[in-house]
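S.K.: Generate a structure from the sequence data that follows.
(one chain, ligands or ions: 1)
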Amino acid sequence: MKDSQPPHIPLIFERLSEEEMHERSQALLERMKGRRSVRHFDSAPVPLEILRRCIEVAGTAPSGAHKQPWTFCLVTNSEVKRSIREAAEKEEYENYHGRMSERWLEDLKPFDTNHLKPHLEEAPALIVIFRQSWTPVEDGYGGKQQHYYVQESVGIASGMLLNALHESGLATLTHTPSPMGFLSDILGRPSNEHAYLLIPVGYPASNCSVPDIERKNLEEIMVEIH
Ligand code: IYR
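M.R.: Below you'll find the model as predicted:
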């Protein structure tokens, strides 16, 4: 059994004044209140370097045993986007015409969604997040390195990606066509990976509108125990 400790290094941490903490958290709240899911994109291209940097931000997320169990596929190729749209619409047609409950369809009415997904072609970029349940180990026997808390880890990284993209001036949609197996086929991902989230990214179309919905206020989402 190994008893050696991995090397530790001093933490770099800047302790801010309370005033600065207030300013920063308030400014972030105002920015984040403006984030909306967008379903109508301008087809103008977005700088790839920004997208890559945002994915790098997502890759700073914490993960179970630091396994970093994620792969981000950045897609701008029109033919690949079209294939993804066609496959997503096929699945969504089944969802909207039988697989989703009446109650579910009722709950979705304010969002004006249906099985048609033009945003998958209109958005200049799609980021498909894959979760890795394990990684292959080079032991000559087809070994597998197990991953832990994969859903939680990839969920956190996805949230950080949405935040980074919004902060960088881009609009997103968190899209979960279901089932998502077609994304592995189209993007040629290995069997240890499963599609987790499909995120169209771009600028909103000039005539873009969003549902007039309200967020729960702080009192509704928090209980305090002091
Ligand atoms: N995946 C379908 C349906 C859908 C489900 C939920 I929950 C939403 O918040 C929005 C849509 C679709 O993308 O249309």
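S.K.: Only C-alpha atoms from now on, for both contacts and neighbour counts.
M.R.: Fine.
S.K.: Surely residue 20 is in a strand?
M.R.: No. Looking at residue 20 with DSSP: H, G, I helix; E, B strand; the rest coil, it is helix, so not inside a strand.
S.K.: If you tally nearby residues, what's the number for it?
M.R.: 11 (other Cα atoms under 10 Å).
S.K.: Next, the most centrally placed residue in the chain: phi, psi?
M.R.: In the chain, the residue lying closest to the centroid (Cα atoms, centre = their mean) is residue 158, at 3.6 Å. As for residue 158, its main-chain torsions (degrees, to the nearest 10) stand at phi -70, psi -40.
S.K.: In contact with it, which residues?
M.R.: 58, 129, 197 (Cα atoms under 8 Å, 6 or more residues apart in numbering).
S.K.: ok, now residue 31?
M.R.: Counting by Cα under 8 Å, 6+ apart, residue 31 touches residue 167.
S.K.: Okay, and it sits in which element?
M.R.: helix 18-33 (DSSP states H and E).
S.K.: before we move on, what about residue 83?
M.R.: helix 78-94.
S.K.: For the helix or strand following that helix, which helices and strands make contact with it?
M.R.: Next in sequence after helix 78-94, counting helices and strands by DSSP H and E, comes helix 102-108. Packing partners of helix 102-108 (3 or more Cα pairs under 8 Å, 6 or more residues apart in numbering; DSSP states H and E): none among the helices and strands.
S.K.: got the CA positions of helix 102-108 in PDB?
M.R.: The C-alpha trace of helix 102-108 is given here as PDB (Å, rounded to 0.1, in the frame of the first residue of the first chain):
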ATOM      1  CA  GLU A 102     -49.900  15.800 -21.100                       C
ATOM      2  CA  ARG A 103     -48.700  17.600 -17.900                       C
ATOM      3  CA  TRP A 104     -45.200  18.000 -19.200                       C
ATOM      4  CA  LEU A 105     -46.500  19.500 -22.500                       C
ATOM      5  CA  GLU A 106     -48.700  21.800 -20.500                       C
ATOM      6  CA  ASP A 107     -45.700  23.000 -18.400                       C
ATOM      7  CA  LEU A 108     -43.800  23.800 -21.600                       C
END
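S.K.: That one: which residues count as buried?
M.R.: Using 16 or more other Cα atoms under 10 Å as the test for burial, helix 102-108 gives no buried residues.
S.K.: need the next SSE after that helix, C-terminal direction.
M.R.: Per DSSP H and E, the first helix or strand lying C-terminal to helix 102-108 is helix 119-122.
S.K.: do that next one and the ligand meet?
M.R.: No. Helix 119-122 stays clear of the ligand (Cα under 6 Å from any ligand atom), getting no nearer than 10.6 Å.
S.K.: what about that helix, average pLDDT?
M.R.: For helix 119-122, the mean per-residue pLDDT is 98.
S.K.: and that helix, what does it pack onto?
M.R.: helix 78-94.
S.K.: Centre of the chain to the helix it packs on, how far?
M.R.: 18 Å (Cα atoms, centre = their mean, to the nearest Å).
S.K.: Over to stretch 47-56?
M.R.: With Cα atoms, centre = their mean, you get 14 Å for stretch 47-56.
S.K.: so residue 173 sits right up against residue 39, yeah?
M.R.: Yes. In this structure residue 173 lies within contact range of residue 39 using Cα atoms under 8 Å: 6.5 Å.
S.K.: if we can go back for a sec, so for the helix or strand just after the helix holding residue 31, what gets flagged as buried?
M.R.: Using DSSP H and E, the next helix or strand after helix 18-33 towards the C-terminus is helix 48-58. Going by neighbour count (16+ other Cα under 10 Å), the buried part of helix 48-58 is 51, 54-55, 57-58.
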